[in-house]
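Colleague: Turn this into a model:
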Amino acid sequence: MIANTLSVYRNAYSGLSKETWLLSLIMLINRSGTMVVPFLSLYLTSPAMGYSVGQAGFVFGCFGAGAFFGAYVGGKLTDSIGFYKVQLFTLLGGSILFIVLAQMKSLSLICIFTFLLSFVNEGFRPANSTAIAYYSTPENRTRSYSLNRLAVNLGWALGSALGGIIAKFSYEWLFWIDGFTNFFAAILMWKFLGNIGWKATPLKRDKIISANGISSAYKDRTYLFFILLVAVFGACFFQLFTNVTVYFKRELHFSEPVIGMLMAMNGILIVMFEMVLIYRLEGRRHQMAYIALGVGMVALFFIILGIGKIGLLIATMLIVLITFGEIFSMPFMNSFWISRSSEFNRGEYAALYTMAWSAAQTLGPMLSAQLAENKGFHYTWYVVGGACLLVAIIFWNFRSVNTVSSPSQLA
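Modeller: All right, here's what the predicted structure looks like:
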C-alpha cells in the first residue's frame, strides 16, 4: 500500500522538464520573499508610520491598480521581447523597488512606489506563465502549472510565517529581504535558464492565424467571456483570505492561532494532494467539467457558511471543501487559457488571465465587505455562494467549447 502510494507521488512529479522545475523554484523564492504584502497594513498603521486604516486601504487600492496594469503591460512585452527578458527585468526592478519603498514616509510617495512595485511585480506573472507553456508538453502542461501553483502556495506560506517573526523586530527588514530574494531569483534565472524565448516571424504568425482564426486574445469572444467568469469566481474565492477570516474572528470567536491554522490548511492540502490529483485526472474529461466541479464546491462552502454559526470541526471540514474546489478548478483554468492561445500571442492570454485575478483580488473583498457591513455576513455568504454557483453552471455548459476559436467566434 505504501509502495503504491509512493509510486503515485513519484509518477505525479516525473516527466516535467528541468526548466519547469527551475521556473517553479524561482517562483518559490520570489513568493517566499513576498513578506511585505500580508503585513503592509500593519506597517502603515504602526506607531512608527501613524497612518489610519482608511489610508492603508487606499495604499492597497494602489497596489491592486498596479497589479492590474502591470499584468497587461507584462503580457504585451512578453509577446514582443520574450518571456526571459521580462522575467529578468521585473525581478531586478522589483528588487530595487522593494528597498526604495522602505525609505518612503509620505503617503503620496508610498502610494506612487506601491503602484510601481505592484506594476513591476505583476508584470512577471504573464511571462512566467508563458515560459511554463514553452517548456512543457500538452500531456504534462496542467501538472506543470500545478507545480508552479504549489511553489506559489508554499512560498506564500513560508513568507507569511517568516514575515511574522521578522516583523516583530523590524518592518523595514521585510522590504530589504524581499528585495534580496527578488535579486537572488533573477541571478538564478540568468545563470541557469538562459536567454531563450519563442519569437514568431511575420510569416509564421500569419500561418498560425489562418490555421486557427485567433489573431488576439482581445478579439477572442469566448475567451473574454471565460475571463469574466474567472473574475467573478476569483472575487468569490478571495473572500477566504479576507472577509472569511474577519467572520471567523467576529462572529465565530475563533482565536488568531486557530484562524491561522485553518488558513494554513489550505496551503498544506494543496502541497499534499494537488499534483497527485492532477496526474490522475489530466486528459480524462473536458477541462470545463473539472472547473465546474471545483467552482461548485467553492459555492457550497459559502452557502453552508451562510446557514448559521458553526464550530471548529465544521469550519475545518469547510476549509477542506473549498481547498479541493480550488484544486479541481484553478489548474484546469490554466490549461484552458493555454489551449486557446498560440505561441505568438500567449503573453496576451496570460495577461488577461492575470488581470482577472488582480481585479478579483482587489474588488471582490472590498465590495463584499461593504455588503457585510450593511446586510450582515450571512446574507453576504448567500450572495457570494449564489454567484459562484451560477458561474459553476455556466462553466458546466462550456464543455462543448473547443480549445481554439473558430473565425466566427472572433470580433
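
Colleague: Enumerate every residue touching Met104.
Modeller: Ile110, Phe113 (Cβ atoms under 8 Å, 6 or more residues apart in numbering). Glycine gets a C-beta too; all of them are placed from N, C-alpha and C.

Colleague: For the stretch 1-150 of the chain, just list every one of the helices.
Modeller: Here the stretch 1-150 of the chain has its helices, by DSSP state H, counting those that start in this stretch, at 2-13, 18-32, 36-44, 53-81, 83-103, 107-135, 141-167.

Colleague: for the protein, what helix or strand is lowest in average pLDDT?
Modeller: Of all helical and strand segments in the chain, the minimum by mean pLDDT, DSSP states H and E falls on helix 202-212, at a mean of 45.

Colleague: and of the helices of the stretch 1-150 of the chain, who's closest to Tyr379?
Modeller: helix 53-81 (22.5 Å; Cβ to Cβ).

Colleague: Count the neighbours of Ala217 for me.
Modeller: Using other Cβ atoms under 10 Å, Ala217 has 24 neighbouring residues.

Colleague: quick one: contacts for it?
Modeller: Tyr223, Leu224, Arg340, Ser341, Asn345, Glu348, Tyr349, Ala351, Leu352.

Colleague: mean confidence score for stretch 323-341?
Modeller: Stretch 323-341 shows a mean pLDDT of 89.

Colleague: chain center to that stretch, what's the gap?
Modeller: 11 Å (Cα atoms, centre = their mean, to the nearest Å).

Colleague: same deal with stretch 319-337?
Modeller: 11 Å.

Colleague: Nearest residue to the residue positioned nearest the centre of the chain in space, ignoring adjacent ones along the chain?
Modeller: The residue lying closest to the centre of the chain (Cα atoms, centre = their mean) is Trp357, at 6.4 Å. Counting by Cβ to Cβ, 6 or more residues apart in numbering, Gly234 is the residue found nearest to Trp357 once chain neighbours are left out, at 5.1 Å.

Colleague: so how far is Ile291 from the one you found?
Modeller: 13 Å (Cβ to Cβ, to the nearest Å).

Colleague: Neighbour count: these two, which is higher?
Modeller: Neighbour count, other Cβ under 10 Å: between Gly234 and Ile291, Ile291 has more, with 28 against 20.

Colleague: isn't that one right up against Ser329?
Modeller: Yes - here Ile291 reaches Ser329: they are 4.9 Å apart, a contact under Cβ atoms under 8 Å.

Colleague: Tell me the buried residues in stretch 316-332?
Modeller: Along stretch 316-332, these residues count as buried under the neighbour rule (16 or more other Cβ atoms under 10 Å): 318-319, 322-332.

Colleague: Tell me which of the helices of the stretch 1-150 of the chain sits nearest to Gln361.
Modeller: Of these, nearest to Gln361 by Cβ to Cβ is helix 53-81, at 6.7 Å.

Colleague: Any regions of the stretch 51-200 of the chain where pLDDT drops low?
Modeller: 53-54, 57, 160-161, 164, 194-200 (pLDDT under 70).

Colleague: ok, now with 80
Modeller: Low-confidence segments of the stretch 51-200 of the chain (pLDDT under 80): 51-58, 60-61, 138-142, 153, 155-169, 171, 193-200.

Colleague: what's near enough to touch the closest residue to Phe192 other than its chain neighbours?
Modeller: Among residues not flanking Phe192 along the chain, Leu22 sits closest, at 5.7 Å (Cβ to Cβ, 6+ apart). Neighbour list for Leu22: Leu188, Met189, Phe192, Leu193 [criterion: Cβ under 8 Å, 6+ apart].

Colleague: Buried among these? Need that as a selection in ChimeraX.
Modeller: Buried subset of the contacts of Leu22, written as a ChimeraX selection, criterion 16+ other Cβ under 10 Å:
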select :188,189,193
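
Colleague: Now render the contacts of Leu22 as CSV, adding secondary structure and distance to Phe69.
Modeller: Shown next, in CSV, are the contacts of Leu22 (DSSP: H, G, I helix; E, B strand; the rest coil; distance: Cβ to Cβ, whole Å):
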residue, secondary structure, distance to Phe69
Leu188, helix, 27
Met189, helix, 23
Phe192, helix, 30
Leu193, coil, 26
